[in-house]
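[1] I would like the atomic coordinates for the input below:
(2 chains, ligands or ions: 2)
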Protein chains: 2
Amino acid sequence: MAGAQDEIEALIALMARLPGLGPRSARRAVLQLIRRRTQLMEPLARAMAHVAETAQDCPMCGNISLGGLCEICADPARATGEICVVEDVADLWAMERGHAFKGRYHVLGGLLSALDAVGPEELGIPRLIERVRTEATREVIVALNATVEGQTTAHYIAEALEESGTAVTGLAQGVPIGGELDYLDDGTIQAALRARHSL
Amino acid sequence: MAGAQDEIEALIALMARLPGLGPRSARRAVLQLIRRRTQLMEPLARAMAHVAETAQDCPMCGNISLGGLCEICADPARATGEICVVEDVADLWAMERGHAFKGRYHVLGGLLSALDAVGPEELGIPRLIERVRTEATREVIVALNATVEGQTTAHYIAEALEESGTAVTGLAQGVPIGGELDYLDDGTIQAALRARHSL
Ligand SMILES: [Zn+2]
Ligand SMILES: [Zn+2]
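    Ligands and ions are numbered 1, 2, ... in the order given. Next up is the predicted model:
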């Protein structure tokens, strides 16, 4: 039937756009999908379509939600007095895997960057300041990568919250210079959270 | 909303079953999908659902088809006098990338293995013998991996076709000992096809 190879090639090209899959591994992945279409390809297509249709940003913290507040913001067991500021959802997931933080999050969606014209407004920092006030936050833990932009953003947030009287802390030992949170093991994240210090 | 994280975790677990993606890279892939849901996740889900629904084995050669004969068997420009025997569809694609073979294929779907109780019947070898007879095939090119099982299967096919009078050849130079076709560059496949020899 005409076009079949084109449709499969189109599927391979889409798969190859995923991080971690090149053209060759995308081809192998698609063959594997077709071989296991009932057990793997159909459930994967359904799960993907469902998440694509329902995923949205949590209006409170910026985490992924499948409708309304995310599971963390909607969980009454999570402390409201502590907010952990992360760059993106991958870092929020890394923090959650550490099982050490029991408060709520604020996802910036990026870092301050003069070069890329990313300012405090784009990162929702005014909204963070507003949350700190209305939620009577005792502590803001700034959990950003130990890169120049991460530390610049952390210091900006510390200064912006100075007159709120809220403690602003940062992750301490365990985050290597230039290292990225999402690649750390769970134990390192736990240690860094325990040893957090005032900024 | 309750269950959102579970649904995303289920999607990650499905993605992690693809070759080339571990749990960590599956997580990164899913985050990337959610970030780019309109440009990437929705088209991918649609393409996957469509291929999952329509993909089937070509009733003639065993290649993947999206309904009826595959594109190669349905193409009147492909020579009917030559059949290239390959282990699986990945190897068929590797041959096609070489652009050197203009005939048709026979996909075995495996190799002879006493250990795994895979005999000639499971590989469709009686059907291959029947095709050689009805299609008046001049040459059967056995393009199997240079492994023990590959070579055992090749010799079995050569013997089974002996009384048909059809030439049975094998890929020659360029296929390294223990090497797998799907990992070869296109030039090597072309050279091996040109230098094919009688089995
Ligand atoms: Zn939230
Ligand atoms: Zn076919």
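
[2] Show the end-to-end separation of stretch A:108-118, please.
    Stretch A:108-118 has its terminal residues 11 Å apart, counting by C-alpha to C-alpha, to the nearest Å.

[3] does any part of it sit near ligand 1?
    No: Stretch A:108-118 is not in contact with ligand 1 by C-beta under 5 Å from the ion; minimum separation 12.9 Å. For the C-beta atoms, the positions are set from N, CA and C on the backbone; glycine is no exception.

[4] Name the spans of chain A whose pLDDT lies under the cut-off.
    Where chain A drops to pLDDT under 70, the residues are A:1-3, A:172-179, A:181, A:185, A:188, A:191, A:195, A:197-199.

[5] Domain map for it?
    Here the domain parsing of chain A from automatic domain parsing is A:2-50, A:64-170.

[6] Which of those domains sits closest to residue B:134?
    domain A:2-50 (24.3 Å; C-beta to C-beta).

[7] what distance separates the closest one from the centre of its chain?
    Mean-position distance between domain A:2-50 and its chain equals 26 Å (C-alpha atoms, centre = their mean, to the nearest Å).

[8] For chain A, which segments count as strands?
    In chain A, the strands defined using DSSP state E lie at A:56-57, A:64-65, A:82-86, A:104-107, A:139-142, A:167-170, A:197-198.

[9] Now render the domains of chain A as CSV, adding distance to residue B:105 and mean neighbour count.
    Listed next are those as CSV, based on distance: least, C-beta to C-beta, whole Å; neighbours: other C-beta atoms under 10 Å in any protein chain shown:
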stretch, distance to residue B:105, mean neighbour count
domain A:2-50, 13, 18
domain A:64-170, 43, 18
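
[10] Residue B:72 is nearest to which of those?
    Ranking these by proximity to residue B:72 (C-beta to C-beta) places domain A:2-50 first, at 8.6 Å.

[11] and that closest one with chain B, contact?
    Yes: Domain A:2-50 is in contact with chain B by C-beta under 8 Å from any C-beta of the partner chain, via A:2-5, A:7-8, A:10-11, A:14-15, A:17-21, A:25, A:27-34, A:37, A:40-50.

[12] Quick one: check that domain for contact with ligand 2.
    No: against ligand 2, domain A:2-50 shows no contacts by C-beta under 5 Å from the ion, the least distance being 10.1 Å.

[13] Run through who's touching stretch A:151-167.
    A:85, A:108, A:111-112, A:120, A:123, A:125, A:128-129, A:132-133, A:137-140, A:142, A:144, A:168, A:170, A:198-199 (C-beta atoms under 8 Å, 6 or more residues apart in numbering or on different chains).

[14] oh, I was asking about stretch A:27-45
    Residues contacting stretch A:27-45 (C-beta under 8 Å, 6+ apart): A:8, A:11-12, A:15, A:21, B:11, B:14-15, B:17-21, B:45-46, B:48-49, B:51-52, B:55, B:64, B:88-90, B:93, B:182.

[15] tell me the contacts of the residue nearest in space to the middle of chain A?
    Most central in chain A under C-alpha atoms, centre = their mean is residue A:89, positioned 1.2 Å from the mean C-alpha point. Counting by C-beta under 8 Å, 6+ apart, residue A:89 touches A:62, A:63, A:64, A:107, B:31, B:34.

[16] do you know how far residue A:114 is from ligand 1?
    Taking C-beta to the ion, to the nearest Å as the measure, residue A:114 falls 29 Å from ligand 1.

[17] Quickly note the distance from that residue to residue A:152.
    9 Å (C-beta to C-beta, to the nearest Å).

[18] Just give the nearest non-adjacent residue to residue A:108, would you?
    Of all residues not flanking residue A:108 in the chain, residue A:123 sits nearest, at 4.2 Å (C-beta to C-beta, 6 or more residues apart in numbering or on different chains).

[19] Many thanks, we can stop here.
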